[in-house]
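Q: build me a model:
(4 chains)
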2 protein chains.
Amino acid sequence: MPTKAEQQKSYHHGDLRAALIDAAEKELTEKGYSGFTLRGCARRAGVSHAAPAHHFGSAANLLIKLAATGFGRLAQSMEQRQAESASEPIPQLMAAGIGYIEFARQNPALLQLMFGSDRPGSEDEELVHHAQLAFGVLTGAVAAVRGDDDFENRDAQLAIASAWSMVHGFANLINNGSLNFIQGMSDEKVEQFVLEMITRLRF
Amino acid sequence: MPTKAEQQKSYHHGDLRAALIDAAEKELTEKGYSGFTLRGCARRAGVSHAAPAHHFGSAANLLIKLAATGFGRLAQSMEQRQAESASEPIPQLMAAGIGYIEFARQNPALLQLMFGSDRPGSEDEELVHHAQLAFGVLTGAVAAVRGDDDFENRDAQLAIASAWSMVHGFANLINNGSLNFIQGMSDEKVEQFVLEMITRLRF
DNA sequence: GTCCTTATGTTGACAGTGTCAAGATTGCTA
DNA sequence: TAGCAATCTTGACACTGTCAACATAAGGAC
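A: Reported below is the predicted structural model:
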């Protein structure tokens, strides 16, 4: 098994695909969506400018795959919070919301990519799968609170749309600084705030 | 006063600044955020590729000014709905929410620009002013419902954050197709849906 | 082990982009 | 009417995404 240094010097990278996704996330975080560059990702991975094309075809495709990992991690963030919480429906829903906000605050650029409205490729299978995974955590929590998992029901649709919209909207508004009274809050205070917001919802 | 055709042929445009903002919105709507091009805006306005720089300095600055007009129109959209509604606090809040969603659905790319998290220049005076104008409509409506306009109050903060987050989040989720059961709805059905969502909130 | 097929990276090129400097054109004011 | 300042054009530069042609290595068939 080659060491990391050997991998970097060898003609073949070893796992360039994963390295490029990592690089893309760093590029996105540091340079922002508009400053993002495919060649920059290649440089971060220590590879020629055209190498990414062999794994992703285009810059848009690389971003799609990055967004897919984002949805996976969003689901993880919610599930981890749920695992640390009481198993009753209400605490579970709260935990999902808190996990959603936590992920959003820690990955603002990634969240914007994931939910951008000219979102790259809703046709990508991997992205759709991971996204449904994340949404499933939320809808499942809402269903548990309602004691009803029939989402053809209009009342259920209202419940899930309300909860999700509130959490998602809050995540966006704090990330772009629109809610100024949040700025100075500690992480704990923000979590408490989210908790009370969800409490104000009817299910 | 020169006719439009004369303006186009003359060396000086007449009102290139406004024309460029219009062009930028078309460019953004048709090409999307990632396909947006400063030279494309110049072409749409029938002007040389470097002309925009004299009015906006950079591409980012043009987008800032476009976003500023967006906030102004968002405020207008809410206020128009309010003018058409009963003057009691609750209908006024509902109207603001409906107006918000209406604007969002009609201008998805613009909304994304306005609320993007690497949002261009929160330092721009015009943008901040227009944004505060739009936010003021919402906060004013919430204050009227609560009969209390002290937003240092934590309970008031919870109310405004809840309402705004829900409306804003819903706007984003439907724009990127996350809420699949909304897709087939008519405009009236969507409005009714928003109404019921707001109804589920406590103030 | 040797060959050769295939995956993986590199190099070089191309059109298109944002920005800058220098020059051309025009409206305005004195 | 002369000149000044605002406005727009031209040309250049480095940089970008993508493509085609080439180089290198990995891994199985024999």
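Q: mind checking how far the one helix or strand residue A:137 maps to is from the chain centre?
A: Under the criterion DSSP states H and E, the helix or strand holding residue A:137 is helix A:125-146. Going by CA atoms, centre = their mean, to the nearest Å, the spacing between the C-alpha centre of helix A:125-146 and its chain's C-alpha centre is 13 Å.
Q: could you find the closest non-adjacent residue to residue A:71?
A: Counting by CB to CB, 6 or more residues apart in numbering or on different chains, residue A:71 lies nearest to residue A:130, which is 3.7 Å off, once chain neighbours are set aside. In short, each C-beta sits where N, CA and C put it, glycine included.
Q: what's the end-to-end length of stretch A:80-99?
A: Chord length of stretch A:80-99, first to last residue, is 8 Å (CA to CA, to the nearest Å).
Q: equivalent analysis for stretch A:138-154, please.
A: With CA to CA applied, stretch A:138-154 spans 17 Å between its terminal residues.
Q: next, the buried residues of that stretch.
A: Within stretch A:138-154, the residues scored as buried using 16 or more other CB atoms under 10 Å in any protein chain shown are A:138-146, A:151.
Q: contacts for it?
A: For stretch A:138-154, the external contacting residues (CB atoms under 8 Å, 6 or more residues apart in numbering or on different chains) are A:78, A:82, A:89-90, A:92-93, A:95-96, A:100, A:156-157, A:159-160, A:163-164, A:167, A:203, B:181.
Q: tell me which parts of chain A are close to DNA strand D?
A: Within chain A, the positions adjacent to DNA strand D are A:10-12, A:36-40, A:49-50, A:53, A:57-60 by CB under 7 Å from any atom of the strand.
Q: go through those and name the one nearest residue A:177.
A: Of all the residues of chain A next to DNA strand D, the one sitting nearest residue A:177 is residue A:36; the distance, using CB to CB, is 20.8 Å.
Q: burial measure for that closest one, as a count.
A: The burial count assigned to residue A:36 is 22, neighbours taken as other CB atoms under 10 Å in any protein chain shown.
Q: from chain A, which residue is nearest to chain B?
A: Proximity to chain B, evaluated over chain A using CB to the nearest CB, is greatest for residue A:169 at 2.5 Å.
Q: quick one: the one helix or strand that residue maps to to chain centroid distance?
A: With elements delineated by DSSP H and E, residue A:169 resides in helix A:154-175, which encompasses its position. A distance of 15 Å separates the centroid of the chain from that of helix A:154-175, by CA atoms, centre = their mean.
Q: what of stretch A:124-138?
A: Centroid separation between stretch A:124-138 and its chain, computed with CA atoms, centre = their mean, is 10 Å.
Q: swap in stretch A:186-196?
A: Using CA atoms, centre = their mean, we find the averaged C-alpha position of stretch A:186-196 to lie 19 Å away from the chain's own average C-alpha position.
Q: how about that stretch: buried residues?
A: Here stretch A:186-196 shows A:190-191, A:193-194 as buried, counting by 16+ other CB under 10 Å.
Q: just those: which are in strands?
A: Secondary structure assignment (DSSP state E) places none of the buried residues of stretch A:186-196 within strands.
Q: restrict those residues to those near chain B?
A: Subset of the buried residues of stretch A:186-196 in contact with chain B: residue A:193, counting by CB under 8 Å from any CB of the partner chain.
Q: okay, the buried residues of stretch A:186-196 in JSON lines with pLDDT next?
A: Rendered in JSON lines, the data for the buried residues of stretch A:186-196 read as follows (pLDDT from 0 to 100):
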{"residue": "A:190", "pLDDT": "97"}
{"residue": "A:191", "pLDDT": "97"}
{"residue": "A:193", "pLDDT": "98"}
{"residue": "A:194", "pLDDT": "98"}
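Q: in helices, which of the buried residues of stretch A:186-196 fall?
A: With DSSP state H as the criterion, helices contain A:190-191, A:193-194 from among these.
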